[in-house]
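Trainee: no sequence on this one, just coordinates:
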């Protein structure tokens with residue numbers, strides 16, 4: 001049986017592999033903090049903004065690409081900065097539409113070993129090493145989420161937004177899925193399984209809207225805010241400080 005003294009943590013000697021690893025971890029924390037501070041300062045003036053998500057693998061001749069570019073251009077000309085992941089595919093389409101519109105095109109790029117290469121249609125380009133810092137910025141500055149067809153990354157961003165709004169950790173914003181044929185099966189599964197088996201409340205389905213037409217996407221966002229304005233309410237501002 002171990003004595004109390006034997007249970008005490010051993011002191012790590014300076015210069016050992018363990019101490020060097022701890023030092024690297026500490027410096028990594030400073031790097032993460034720097035990402036948050038730099039991005040917050042650079043993006044502070046972009047509101048109102050809409051975050052647009054979708055596949056990085058969508059070619060420019062795809063109907064999805066063309067749809068994303070059209071939505072983004074309408075949003076930009078309506079006064080919304082457009083925020084995308086800064087990469088190819090639908091992210092590029094979103095940035096491209098905004099770049100040639102009236103409002104800023106913002107790319108939140110991520111360093112990845114494959115797939116992610118920055119697109120050239122960015123008025124503001126911010127690069128992240130950490131997914132969680134990047135995801136925080138998508139939520140923090142978003143007036144609405146517009147989600148086009150995509151893979152795991154797109155679903156990750158969608159479920160992150162739904163979770164934050166559902167749990168009241170973030171303010172309620174429009175979460176719009178674009179292209180009914182792509183999304184209807186997933187939303188039907190939400191109703192059949194998640195609501196049907198009591199995993200979520202029936203009203204949680206109302207957090208999502210499926211819209212097909214670009215003009216209707218913009219109209220829905222304006223209608224959501226017509227009685228309150230786009231700026232966060234005082235209680236929402238306090239909420240976002242604790243996001």
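Mentor: Alright, I've got the coordinates. Just so you know, these numbers come straight off a predicted model, no measurement behind them.
Trainee: Per-residue pLDDT of residue 33, please?
Mentor: Confidence at residue 33, expressed as pLDDT, is 84.
Trainee: check contacts around it.
Mentor: Counting by C-beta atoms under 8 Å, 6 or more residues apart in numbering, residue 33 touches no other residue. C-betas here are computed from N, CA, C, even on glycine.
Trainee: residue boundaries of the helices in this structure?
Mentor: Here the chain has its helices, by DSSP state H, at 4-7, 17-43, 63-77, 90-99, 131-140, 152-166, 180-189, 214-225, 234-241.
Trainee: Using JSON lines, lay out the ones you listed together with distance to residue 56.
Mentor: Shown next, in JSON lines, are those (distance: least, C-beta to C-beta, whole Å):
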{"stretch": "helix 4-7", "distance to residue 56": "50"}
{"stretch": "helix 17-43", "distance to residue 56": "20"}
{"stretch": "helix 63-77", "distance to residue 56": "11"}
{"stretch": "helix 90-99", "distance to residue 56": "6"}
{"stretch": "helix 131-140", "distance to residue 56": "14"}
{"stretch": "helix 152-166", "distance to residue 56": "7"}
{"stretch": "helix 180-189", "distance to residue 56": "16"}
{"stretch": "helix 214-225", "distance to residue 56": "21"}
{"stretch": "helix 234-241", "distance to residue 56": "28"}
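Trainee: Which residue is the nearest non-sequential neighbour of the residue sitting nearest the centre point of the chain?
Mentor: Closest to where the C-alpha atoms of the chain average out (C-alpha atoms, centre = their mean) is residue 138, at 3.6 Å. Nearest non-adjacent residue to residue 138, counting by C-beta to C-beta, 6 or more residues apart in numbering: residue 51, 4.7 Å away.
Trainee: Quick one: residues contacting the one you found.
Mentor: With C-beta under 8 Å, 6+ apart, residue 51 has these contacts: 83-84, 138-139, 141-142, 144-146, 157.
Trainee: about what we covered before: isn't the residue nearest to the centre of the chain up against residue 157?
Mentor: Yes - with contacts counted by C-beta atoms under 8 Å, residue 138 reaches residue 157, the gap being 6.5 Å.
Trainee: returning to what we had before: measure the residue nearest to the centre of the chain to residue 205 for me?
Mentor: 22 Å (C-beta to C-beta, to the nearest Å).
Trainee: And for residue 52?
Mentor: From residue 52 to residue 205 the distance is 22 Å (C-beta to C-beta).
Trainee: Same drill for the two, tell me which one is more crowded.
Mentor: More neighbours surround residue 52 than the other of residue 52 and residue 205, with 31 against 13 (other C-beta atoms under 10 Å).
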